[in-house]
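Novice: Structure here, sequence nowhere to be found:
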Ligand SMILES: Nc1ncnc2c1ncn2[C@@H]1O[C@H](COP(=O)(O)OP(=O)(O)OP(=O)(O)O)[C@@H](O)[C@H]1O
């Protein structure tokens with residue numbers, strides 16, 4: 001095609017500043033799938049444009065195309081000139097500037113353009129480089145730009161040496177680029193893209209302009225790379241005889257960016273025989289296919305191509321592709337399902353607030369009421385902690401296998417995942433307790449007014465946030481919820497025992513005195529108790545003769561073994577537990593991400 005009259009496709013990945021790309025890691029498979037992709041570009045409308053005004057119209061160049069590129073395989077996109085091969089390659093690799101509709105998924109999940117750039121390499125049809133540099137200098141220069149800044153000079157050189165050897169251009173390493181042959185240049189372009197060891201490799205016409213021997217040997221190298229677990233997609237223009245056989249699958253496009261076939265290479269011939277298009281034995285299959293898919297000026301060829309597209313849509317090959325795509329989407333849905341379970345626990349939280357508050361409506365603080373108020377405060381804290389802890393422990397184990405697979409695939413690091421999980425949990429742990437406290441503070445009529453409510457929500461929120469950290473620790477450490485409960489339930493019972501409600505803290509034997517310091521329940525309960533009881537200065541004594549009488553809220557606090565000046569220390573205690581739980585949780589997760597094979 002003549003691209004000069006259009007906005008250029010933005011496929012020159014050489015130019016991006018990619019210094020933050022992780023250093024080479026063994027790339028394990030990533031499955032790339034695209035679902036009903038359509039692409040429109042703006043084309044200059046010559047008739048409506050004038051000398052100083054440019055009018056454009058939207059032109060569709062890909063029409064609802066789908067496909068899957070599997071790890072360890074190499075796919076050839078074939079089709080007549082202008083069918084949309086380069087556009088498809090640029091679209092699925094997220095390097096196209098244009099209006100794109102449809103989904104591009106990696107391991108069943110949508111990924112951002114930034115991530116796609118990190119996990120993939122794009123070998124453009126014409127690579128731009130400084131011709132006066134030697135191969136070695138060019139690779140060194142690109143390595144500085146593309147590889148992680150932490151990578152030492154010797155590691156970069158080792159990587160380059162391994163690549164030039166792998167791609168068979170070790171003898172050219174001191175040659176100037178200007179004197180390289182077409183095949184050697186192509187391999188150099190591939191080497192540049194492989195510096196960061198991407199799991200997905202897109203090659204735009206890697207064989208164009210090469211003689212058949214060089215074309216074969218370039219594809220042979222690509223095949224070898226696919227053998228290491230990469231998913232490779234190439235557009236191919238006029239493949240030489242036998243070249244197509246080196247690809248695992250063929251993807252045929254026809255004018256208008258429509259799909260004509262996607263199947264394994266060795267089944268393509270049988271498919272066309274089946275639909276009545278028989279390739280003569282002496283013909284080059286690829287050339288024959290392209291000739292059958294090309295639209296000439298005659299209506300016959302238009303009818304033939306439209307027919308091929310129509311037949312494919314009804315074929316078992318198309319049905320198999322749809323099934324394969326559905327599976328990809330299902331695999332990627334685990335985390336979405338977990339989001340819905342989080343929403344459910346949100347409403348449970350509000351329901352619990354009502355449930356525990358209603359029996360305490362118009363709570364009176366007299367001698368009998370002391371136990372009622374303290375019991376209520378205990379319920380508020382315990383329910384908050386359990387709700388937030390279990391909302392995390394129940395969702396994490398389901399996510400972990402997929403997360404580990406993606407971490408293993410290099411989509412993100414364990415630290416990036418863990419930190420984003422921590423951040424993602426925060427909004428809910430901040431907003432939910434505020435609503436929860438609104439109900440639990442107002443229904444029984446706790447003291448303090450608006451300011452009191454705001455203050456009361458601080459320890460409740462802090463306890464909720466710490467409980468999610470504790471939940472993360474438990475679920476990162478244990479592989480199943482049942483084994484997590486075997487340890488967490490007794491541990492929590494012990495923590496509850498020393499929170500001050502079952503046993504006055506002043507009476508706790510010396511050797512158990514430390515337990516309260518690892519108890520979220522203790523810090524939370526002491527903090528809310530301080531807020532409530534320090535406001536109560538006069539508690540009427542009972543009329544019953546000989547009944548004990550505690551006259552002030554401070555007296556109540558002393559009775560339970562709480563210290564009225566410890567509010568800030570309780571907050572610090574919760575903060576420390578948050579940090580410790582997340583640090584241990586991250587360590588456990590990191591250990592699992594190293595030890596457990598994701599595939
Ligand atoms: N940026 C653009 N603006 C307008 N039209 C475009 C643009 N890019 C591609 N096209 C049009 O989309 C169609 C597909 O182009 P594409 O380059 O993807 O085809 P191709 O199959 O790779 O062709 P070839 O084998 O000749 O390189 C062509 O008709 C082309 O004119």
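Specialist: In hand now; what should we look at? Quantities reported herein were computed from a predicted structural model and do not represent experimental measurements.

Novice: Could you verify my assumption that residue 129 touches residue 135?
Specialist: No - counting by CB atoms under 8 Å, residue 135 is not a contact partner of residue 129; they are 9.6 Å apart. Yep, even glycine has a C-beta here, placed from its N, CA and C like the rest.

Novice: Mutual contacts of the two, please.
Specialist: When contacts are counted by CB atoms under 8 Å, 6 or more residues apart in numbering, residue 129 and residue 135 have 177, 188 as shared neighbours.

Novice: Tell me the predicted confidence for residue 538.
Specialist: Predicted confidence (pLDDT) for residue 538: 87.

Novice: That one: what secondary structure?
Specialist: Reducing the assignment at residue 538 to three states with DSSP: H, G, I helix; E, B strand; the rest coil gives coil.

Novice: That one - how many residues pack around it?
Specialist: Residues lying near residue 538 (other CB atoms under 10 Å) number 8.

Novice: just checking, residue 251 is part of a strand?
Specialist: Yes - going by three-state DSSP, the assignment for residue 251 places it inside a strand.

Novice: Can you tell me how far residue 221 is from the ligand?
Specialist: According to CB to the nearest ligand atom, to the nearest Å, residue 221 and the ligand sit 22 Å apart.

Novice: Residue 191 is in contact with that residue, correct?
Specialist: No - judged on CB under 8 Å, residue 221 makes no contact with residue 191 at a distance of 9.8 Å.

Novice: In terms of neighbours, single out the busier of those two.
Specialist: Each of residue 221 and residue 191 has its neighbours counted (other CB under 10 Å); residue 191 has more, 24 against 20.

Novice: Model confidence for residue 396, exactly?
Specialist: pLDDT for residue 396: 61.

Novice: in this protein, which spans are strands?
Specialist: Under the criterion DSSP state E, the chain contains strands at 32-44, 56-69, 73-78, 99-106, 109-110, 120-123, 200-204, 231-235, 249-254, 258-264.

Novice: Look at the residue in the stretch 201-350 of the chain that the ligand sits nearest to and say how many residues are nearby.
Specialist: Here the stretch 201-350 of the chain gets closest to the ligand at one residue, residue 237, 5.1 Å apart by CB to the nearest ligand atom. Close neighbours of residue 237, defined as other CB under 10 Å, add up to 20.

Novice: hmm, back to that, just want to know which of residue 129 and residue 135 has more residues nearby.
Specialist: Using other CB under 10 Å, the more surrounded residue of residue 129 and residue 135 is residue 135, with 25 against 18.

Novice: Please report the distance of the more buried one from the ligand.
Specialist: Residue 135 is 27 Å from the ligand, by CB to the nearest ligand atom.

Novice: ok, that residue touching residue 171?
Specialist: No - here residue 135 lies out of contact with residue 171, judged by CB under 8 Å, at a distance of 9.7 Å.

Novice: joint contacts of these two?
Specialist: With contacts taken as CB under 8 Å, 6+ apart, residue 135 and residue 171 have no neighbour in common.

Novice: one step back: could you tell me which residues touch both of residue 221 and residue 191?
Specialist: residue 167.

Novice: residues in contact with stretch 288-296?
Specialist: So stretch 288-296 is contacted by 78-80, 83, 238, 250, 252-255, 260, 268, 272, 277, 279-280, 301-302, 304-305, 308 (CB under 8 Å, 6+ apart).

Novice: Enumerate the positions of it that are buried.
Specialist: 288-290, 292-295 (16 or more other CB atoms under 10 Å).

Novice: In JSON lines, list these along with pLDDT and distance to the ligand.
Specialist: Listed next are these as JSON lines, based on pLDDT from 0 to 100; distance: CB to the nearest ligand atom, whole Å:
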{"residue": "288", "pLDDT": "87", "distance to the ligand": "17"}
{"residue": "289", "pLDDT": "87", "distance to the ligand": "14"}
{"residue": "290", "pLDDT": "88", "distance to the ligand": "10"}
{"residue": "292", "pLDDT": "88", "distance to the ligand": "16"}
{"residue": "293", "pLDDT": "90", "distance to the ligand": "11"}
{"residue": "294", "pLDDT": "89", "distance to the ligand": "11"}
{"residue": "295", "pLDDT": "85", "distance to the ligand": "12"}
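
Novice: about what we covered before: list the ones among the contacts of stretch 288-296 that fall in helices.
Specialist: Counting by DSSP state H, the part of the contacts of stretch 288-296 found in helices is 268, 272, 301-302, 304-305, 308.

Novice: quick one: which of those residues has the most company?
Specialist: Most surrounded of the ones in helices among the contacts of stretch 288-296: other CB under 10 Å gives residue 268, at 24 neighbours.

Novice: What does the pLDDT read for that residue?
Specialist: You'll see residue 268 listed with a pLDDT of 90.

Novice: Could you find the closest non-adjacent residue to it?
Specialist: Setting aside the residues directly before and after it, residue 268 is nearest to residue 250 in space (CB to CB, 6 or more residues apart in numbering), at 5.1 Å.

Novice: Neighbours of the one you found, how many?
Specialist: Count around residue 250 with other CB under 10 Å applied: 25.

Novice: can I assume it is in contact with residue 76?
Specialist: Yes - between residue 250 and residue 76 a contact is recorded at 5.3 Å, counting by CB under 8 Å.

Novice: Quick check: neighbours shared by these two?
Specialist: Shared contacts of residue 250 and residue 76, defined by CB under 8 Å, 6+ apart, comprise 244, 265.
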